[in-house]
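Asks: Below is the sequence, then the predicted model.
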Protein chains: 4
Amino acid sequence: MVLRVAVAGASGYAGGEVLRLLQAHPEVEIGALTGGSNAGQPFGALQPHLIGLADRVLEPTNPQTLAGHDIVFLGLPHGQSAELAAQLGEDVLVVDLGADHRLESAADWEQFYGSPHAGTWPYGLPELPGHREALRGSRRIAVPGCYPTAVTLAMYPMYAAGLAEPEAVITAASGTSGAGKAVKAHLLGSEVMGSMSPYGVGGGHRHTPEMAQNLTPLAGEPVTVSFTPTLAPMPRGILATCSAKAKPGTTAAGLRAAYEKAYGAEPFVHLLPEGQWPHTSSVYGSNAAVLQVVLDEHAGRIIAISAIDNLVKGTAGGAVQSMNIALGLPEELGLPLNGVAP
Amino acid sequence: MVLRVAVAGASGYAGGEVLRLLQAHPEVEIGALTGGSNAGQPFGALQPHLIGLADRVLEPTNPQTLAGHDIVFLGLPHGQSAELAAQLGEDVLVVDLGADHRLESAADWEQFYGSPHAGTWPYGLPELPGHREALRGSRRIAVPGCYPTAVTLAMYPMYAAGLAEPEAVITAASGTSGAGKAVKAHLLGSEVMGSMSPYGVGGGHRHTPEMAQNLTPLAGEPVTVSFTPTLAPMPRGILATCSAKAKPGTTAAGLRAAYEKAYGAEPFVHLLPEGQWPHTSSVYGSNAAVLQVVLDEHAGRIIAISAIDNLVKGTAGGAVQSMNIALGLPEELGLPLNGVAP
Amino acid sequence: MVLRVAVAGASGYAGGEVLRLLQAHPEVEIGALTGGSNAGQPFGALQPHLIGLADRVLEPTNPQTLAGHDIVFLGLPHGQSAELAAQLGEDVLVVDLGADHRLESAADWEQFYGSPHAGTWPYGLPELPGHREALRGSRRIAVPGCYPTAVTLAMYPMYAAGLAEPEAVITAASGTSGAGKAVKAHLLGSEVMGSMSPYGVGGGHRHTPEMAQNLTPLAGEPVTVSFTPTLAPMPRGILATCSAKAKPGTTAAGLRAAYEKAYGAEPFVHLLPEGQWPHTSSVYGSNAAVLQVVLDEHAGRIIAISAIDNLVKGTAGGAVQSMNIALGLPEELGLPLNGVAP
Amino acid sequence: MVLRVAVAGASGYAGGEVLRLLQAHPEVEIGALTGGSNAGQPFGALQPHLIGLADRVLEPTNPQTLAGHDIVFLGLPHGQSAELAAQLGEDVLVVDLGADHRLESAADWEQFYGSPHAGTWPYGLPELPGHREALRGSRRIAVPGCYPTAVTLAMYPMYAAGLAEPEAVITAASGTSGAGKAVKAHLLGSEVMGSMSPYGVGGGHRHTPEMAQNLTPLAGEPVTVSFTPTLAPMPRGILATCSAKAKPGTTAAGLRAAYEKAYGAEPFVHLLPEGQWPHTSSVYGSNAAVLQVVLDEHAGRIIAISAIDNLVKGTAGGAVQSMNIALGLPEELGLPLNGVAP
């Protein structure tokens, strides 16, 4: 039986990427495409790369247009998912691409997002211990942030194996699609091409508490995160350079073994052979995360680096992977492993 | 029954793209991956984006490694396909990604390629009248050049409908992967980023006679081609701006009707609604060609513009499409229609 | 005696580039920097690359803030220059970076710009025969459009020498700064990186009549222009591919001689040695235009290709060059010849 | 009296940038341009953006071609400068763009460069305390590495003021010109566009000991450096994200005061106003370094970020600045402060 899917926020980058992936998914059919200010426009003008949906028209986002679907993806501005989800029925699988249901701490939510906390939903990072089980059969999924996906996958094995001190220092470079499709002067092509720049430096980025939330339980002690995001001149991709002091006794062999154990059976996390390092181009359009880790003995630090496509494993692909798990489908169904390169 | 495929030249851009597509094709399995100077190296180091084939090893290209496959793709330097194909057996489907079997004129071949002419194979541009029939059941396929694919699709309807004078003026911008993976100083990232430059100006590009060969029979008179290729700062994509003087009596409505007639039933050629123009980003990783055409009444010219991914519709995707036809499989099998954007 | 300069529209791309050049000009000092909606903001936040002016504040654009300067550059939206210039005094040198005073034909102006015609000022393309003389001593200068600069320099010698038929076919690729700093969705970095796309196809671009106006008097017959602009994934640069049918009797040697004669003494137009083609990177940040021309004997066409920096020779540099001439200063003063590459 | 300058390695990126800057320098004239395998070729084909030198020819690098100049810049492969310099005369100002004379520790040199240590020359980072004095009158200058320039400028004030713990954690993104002009497959435009990737991770990059050498004397205790360089899809620019734990008692105000004190009088180091962060585009083609620093109180770390142009302040511009000091010329002579943006 084919499942019927609606996408709210279909004219945005996250919603568009969900649709690109779902059109290649054998168990779903695309139902309503909805949006805000663009409602009524031909979809082919809004997302010209989704050639298979060019003849559609964007409908307004509301409970009526979203009714009658088995699955609803929400790509909405922060703070709008909870109320809409409440009107969708408990048997509908609702996948929230936004941040509303990620953070456990109401204090963190209010500090970083400035609105009332809506509570948490099962967190869609299946590679984390115990998360796959929590997703199975769930009808609500909170899709992780793109940076937390890249960082958590890079760092969790070093913490789960007790090899790293709990002060994580992270610099990540993101393609511009991570900033969304809203028009802002600093995101003009003329401004971003040929330029690297940081933003949200010094602890201000909203994804910081989400990283700490993911790593702390595995470390068994509170992990402090120093996170510096940078904007890179490319449309897609995150390269996360993550480091922490090695705990006494950590060896290169033990470190590698921890990562091999964590990811040996994972379909979408690819630990590279020693000596090879991740390139974001390797995962362009792919749901894979590619990783490498090394012990810098001189500096006494572990450096783990991951590359993901922020729109795929970092958003839409992770969402479809979790959807597959929730529905009892094969986890890899409809998800590309190979990147589009060069 | 699953068909077994070998790819010669698997470490190059064309061969790599064939493999990316074929790994998503339900009727084939990947056999030998072969190459030249890289033979013996782990495939994951050569094509790190083909994560699903990372554990393979590149074998040398020769009749022995290619034996025992139902289908062989040849991504070889010009002049090497014919001899190798002769040793592969007539029941094997041989798909030549190179130029060896494209040109009907031995004189053109020798002038532009400087080696003996190897004869022609069925030409893999199914959208041209009569070509789909010629491909059906064939065991040899000559895959068209990337520029001729973009240009022929943009221009053939205006010639088939008798609307254009036989002097085509074409400027095309190509991503750098069209120049292949051989290391040359002018293809360094430092040289190409932020820069546009022409090459092969004045009639010297090898794809020029191939364009004339495609358009002339449809025009019913010899078509002269003035072709200027340019290198654009992007990894993939061709944008072909093609124009010709309108024949007397040509109307905007008649022009559009000719294109609608030509492409109304084509699965991979998408004529855009009036007022919308092609972007190469729309077909990134996709087998689609997107087109628009307009009559400039003041200048008395028809301008047709197409966008393709040079590695997909322009090479590997066109090859798989023709393979599907040759084998009697559904033409669209395993081929993405949506582009990867933004 | 140092001359005092004001720049209206100083927070835009054209105004900013004028300032970058003028800070290196030994005969001027920077006076008022004015703008529209950004007035009151620190200039260092608006143009962070103009480090030498970081401590300035943007003032509002009006006759009072612009008063008391010897030279005023106007980088204003179309239609606003004439009225403001009338209030600036006839002894002030007013350099209009916009289009208001370029077109001689009121009909063309109204058709392409949709507002009343303001008349013409001396046209700042000193390389055109007679123009240098007209600029000398003038107190009003109309700076040419960026595309007309690239196209006119590429094509005028073939017309002045009587070698080309009067139907010009032009495709040009421009960096995104040519579209200005106003925020529009299709100019987002995510949209333009990795993508080529056309716009204003079929005769609609406003620079089309300006090209015809420049070429027609030199050709001695009306030149029809078919112009297709494309947007390229780079911040700066124009590559203009310009062609026309060769008149009977045209030879390669005669063609080259015409270009050598036209540009042999020009300080900023660099005809490349035969066999070398222009790259936009060669003129990044430079006031030079680099050119090449060839006769395609098979197709019977002349192809001339030019590369300029749209913000320098195409706007601000051409403006300063004309300013130097108007003021009787050495024409090259303060203008870079070398590009910033790689 | 105009000084005569030769550049060895003139066809490389560093040598080319020295020439771009020196052509705008009022006190020098360009003498011999020399190179290795390209000797004999027209310079305009090798460095097409240096339009003012297009008519020159590259000579071979040897003591004869370099004789008779007041100043010689050496842009040579590591290990070749010392021997050549010995043949140039003690009164000639020799500026080594390479690494040969940077490292004080012979052990570090041998470990990271694998050849005999050639001793040190005065180190050309005038902003470091005491260095300007050491450069004055010197006839030998070792130009710092590009990464050490960016990192040292970002971090030295926090160490000089005693605010930071001696374990520096650094991630830097560099444009591809930092890797030089030698053709390598991973530097092809097709590979680098749209992609971020790390290299030399875990302490292996040759610039690591140079950073420690610069910071340790100012910290008054050995500074350990964990350095991760990444390759960014842009031709130029370094963005260095540098952090260290704050020593107890460090305040945001004290931190800012330390940077204001260090750089208040520096002509080429621009500490941004609070809240504004460096973009590499702001220093494209400029000799400026732009900086910002912040205290992350939650994580207990200082984060300092700098942007430079790797070819200007990071190589050729820093070299000319030091040359000016050595010769007693005004330090800023011939050096652009404003960047070329957008």
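Replies: Right, received. Where do you want to start?
Asks: Now do the helices for the stretch 151-300 of chain A: every range, in order, please.
Replies: Applying DSSP state H, counting those that start in this stretch to the stretch 151-300 of chain A gives helices spanning A:189-192, A:208-219, A:252-263.
Asks: export those to TSV and tack on mean neighbour count, distance to A:Gly178 and mean pLDDT?
Replies: Quick note: C-beta positions are derived from backbone N, CA and C, even for glycine. As requested, the helices of the stretch 151-300 of chain A are exported to TSV (neighbours: other CB atoms under 10 Å in any protein chain shown; distance: least, CB to CB, whole Å; pLDDT from 0 to 100):
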stretch	mean neighbour count	distance to A:Gly178	mean pLDDT
helix A:189-192	28	12	98
helix A:208-219	22	14	97
helix A:252-263	16	24	98
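Asks: Figure out which of the ones you listed is closest to chain D.
Replies: Closest of those to chain D is helix A:189-192, at 3.9 Å (criterion: CB to the nearest CB).
Asks: when you scan the closest one, is anything in it near chain B?
Replies: No. Helix A:189-192 does not reach chain B (CB under 8 Å from any CB of the partner chain); its nearest approach is 10.9 Å.
Asks: Pull the residues that contact that helix.
Replies: The contact list for helix A:189-192 (CB atoms under 8 Å, 6 or more residues apart in numbering or on different chains) reads A:176, A:185-186, A:231, A:233, C:13, C:175-177, C:179, C:181, C:187-189, C:191-193, C:233, C:235, D:279, D:281, D:342.
Asks: again, 6 Å this time
Replies: With CB atoms under 6 Å, 6 or more residues apart in numbering or on different chains as the contact definition, helix A:189-192 has outside contacts at A:176, A:233, C:176-177, C:187, C:189, C:192, C:235, D:342.
Asks: Stretch A:168-188 now?
Replies: In contact with stretch A:168-188 (CB under 6 Å, 6+ apart) are residues A:12-13, A:146-147, A:151, A:192, A:223, A:225-230, A:232, A:234-244, A:310-311, B:342, C:183, C:185, C:187-190, D:169, D:171, D:196, D:241.
Asks: are any of these buried, and which?
Replies: For the contacts of stretch A:168-188, a neighbour count by 16 or more other CB atoms under 10 Å in any protein chain shown gives the buried set as A:12-13, A:146-147, A:151, A:192, A:223, A:225-230, A:232, A:234-244, A:310-311, B:342, C:187-190, D:169, D:171, D:196, D:241.
Asks: how about A:Gly40, phi and psi?
Replies: The phi and psi values for A:Gly40, taken as degrees, to the nearest 10, are phi 100, psi -20.
Asks: Flag every residue of chain A that's near chain D.
Replies: Residues of chain A lying close to chain D by CB under 6 Å from any CB of the partner chain are A:169, A:171, A:173, A:190-191, A:194-198, A:201-203, A:224, A:226, A:228, A:232-234, A:239, A:241, A:277, A:279-281, A:294, A:296, A:298-299, A:301, A:303, A:305, A:342.
Asks: Strands of chain A, start to end?
Replies: A:3-8, A:28-35, A:59-60, A:71-74, A:93-96, A:140-142, A:167-174, A:197-198, A:224-231, A:238-245, A:269-271, A:289-296, A:301-308 (DSSP state E).
Asks: Of all these, which one is nearest D:Val94?
Replies: strand A:289-296 (35.4 Å; CB to CB).
Asks: about what we covered before: adding mean pLDDT, write the strands of chain A out as JSON lines.
Replies: JSON lines is the format used below for the strands of chain A (pLDDT from 0 to 100):
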{"stretch": "strand A:3-8", "mean pLDDT": "98"}
{"stretch": "strand A:28-35", "mean pLDDT": "98"}
{"stretch": "strand A:59-60", "mean pLDDT": "98"}
{"stretch": "strand A:71-74", "mean pLDDT": "98"}
{"stretch": "strand A:93-96", "mean pLDDT": "98"}
{"stretch": "strand A:140-142", "mean pLDDT": "98"}
{"stretch": "strand A:167-174", "mean pLDDT": "98"}
{"stretch": "strand A:197-198", "mean pLDDT": "98"}
{"stretch": "strand A:224-231", "mean pLDDT": "98"}
{"stretch": "strand A:238-245", "mean pLDDT": "98"}
{"stretch": "strand A:269-271", "mean pLDDT": "98"}
{"stretch": "strand A:289-296", "mean pLDDT": "98"}
{"stretch": "strand A:301-308", "mean pLDDT": "98"}
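Asks: Please parse chain A into its domains.
Replies: For chain A, the TED database gives the domain ranges A:3-143+A:315-327, A:147-308.
Asks: Need the winner for burial among the ones you listed.
Replies: Counting by mean count of other CB atoms under 10 Å in any protein chain shown, domain A:147-308 has the highest mean neighbour count of the domains of chain A, with a mean of 23.
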